[in-house]
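Colleague: What follows is a predicted protein model with its sequence.
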Amino acid sequence: MMAAVMRGSSARQPISVLRNAVFVAGTVRRVHAAGFAYLWVLMLVAFMGLGLTAAVMVDTTAVKRSKEQELLAVGHQFRSAIAHYHEIQVAGGRSEYPASLDDLLLDNRLPGIRRHLRKVFVDPMTSKPEWGLMRVGGRIVGVYSSSETMPIKQDRFEAEDMAFRGKAKYSEWVFTYPPDLLLRDLATVAGAASGASAANSAASVPLTAGSEPRP
């Protein structure tokens, strides 16, 4: 009888070992499957992060390009307003540049109400109603943004803005009237700014840059 029990026990051992082997193999497969799933999740999260970063960069670049176009449009309006102010001849048939931006909002040199600019625009690059002012002989000959950020746009400007090519910062985009004013002889520029003739203007009149904050 003892021998029969031992034979039965011996017969069950291979089955038990087989069951254990199957259980271990199944467990290993599940562990591997879980490991691969975890790796896929990590890779998916990484790809999503990269995609989100790229989307943010593209969106930021698009916003900056839009602000650049707005800066050009606003700068052209300032240039046009300065031109209109300068082209009006006053006493003695002379022309002069504005002494302040307020002169563009309301020109008091002539009777009646004469406006060359409807408002002082907000600088799209700084979101402030403050502009750098290029002066000659104390008169405003141009305006520029105070932003020191490097422009995205480096080429393909309109003819009147070709001086902006390759500039390192937005503050170097100076919207003068005429557009090539800063390339001209300083004595001639000083004479035009003050309303005097070039012969009567001092060649040492400085070209200065400053700012005129708005309330």
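Modeller: Looks like it arrived, so ask away. Keep in mind that what you see is a predicted model, and the values were worked out from it rather than measured.
Colleague: mind checking which helix or strand Pro111 is in?
Modeller: Element membership for Pro111, per DSSP states H and E: none, as it lies in no helix or strand.
Colleague: tell me, how many neighbours does it end up with?
Modeller: Number of residues near Pro111 (other Cβ atoms under 10 Å) recorded here: 6. All C-beta spots, glycine's among them, are computed from the backbone N, C-alpha and C.
Colleague: Could I get the full set of helices for this protein?
Modeller: In the chain, the helices defined using DSSP state H lie at 2-87, 102-105, 186-194.
Colleague: Would you agree Ser95 is in contact with Gln89?
Modeller: Yes. Contact status for Ser95 versus Gln89: in contact at 5.7 Å, counting by Cβ atoms under 8 Å.
Colleague: And the helices of the chain, which one averages the lowest pLDDT?
Modeller: Lowest mean pLDDT within those: helix 186-194, a mean of 61.
Colleague: how about Met125, what does it touch?
Modeller: In this structure, Met125 makes contact with 67, 71, 145-147, 149, 170, judged by Cβ atoms under 8 Å, 6 or more residues apart in numbering.
Colleague: Spatially, and excluding backbone neighbours, which residue is closest to it.
Modeller: The shortest distance from Met125 to any non-neighbouring residue, by Cβ to Cβ, 6 or more residues apart in numbering, is to Ser147 (3.8 Å).
Colleague: Quick check, Tyr97 in contact with Ile82.
Modeller: Yes. Using Cβ under 8 Å, Tyr97 is in contact with Ile82, at 6.6 Å.
Colleague: who touches both of the two?
Modeller: Counting by Cβ under 8 Å, 6+ apart, the residues touching both Tyr97 and Ile82 are 140-141, 177.
Colleague: Restricted to strands, list these.
Modeller: If you go by DSSP state E, those have 140-141 in strands.
Colleague: Let me have the shared contacts of Tyr97 and Ile82 in a markdown table, extended by distance to Asp107.
Modeller: Formatted as a markdown table, the shared contacts of Tyr97 and Ile82 follow (distance: Cβ to Cβ, whole Å):
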| residue | distance to Asp107 |
| --- | --- |
| Ile140 | 13 |
| Val141 | 17 |
| Tyr177 | 15 |
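Colleague: Now that we have the shared contacts of Tyr97 and Ile82, which of them are buried?
Modeller: Among the shared contacts of Tyr97 and Ile82, the ones that count as buried by 16 or more other Cβ atoms under 10 Å are 140-141, 177.
Colleague: If we only consider those, which is nearest to Leu104?
Modeller: Ile140 (8.4 Å; Cβ to Cβ).
Colleague: and the closest one, what does it touch?
Modeller: Ile140 sits next to 82, 97-101, 133-134 when contact means Cβ under 8 Å, 6+ apart.
Colleague: Between the residues you listed, identify the one with the most neighbours.
Modeller: That'd be Ile82 among these, by other Cβ under 10 Å, with 27 neighbours.
Colleague: Who are the contact partners of that residue?
Modeller: Each residue near Ile82 by Cβ under 8 Å, 6+ apart is listed here: 97-98, 104, 116, 140-143, 176-177.
Colleague: out of those residues, what pair is the most spread apart?
Modeller: The span of the contacts of Ile82, defined through Cβ to Cβ, is set by His116 and Thr176 at 15.4 Å.
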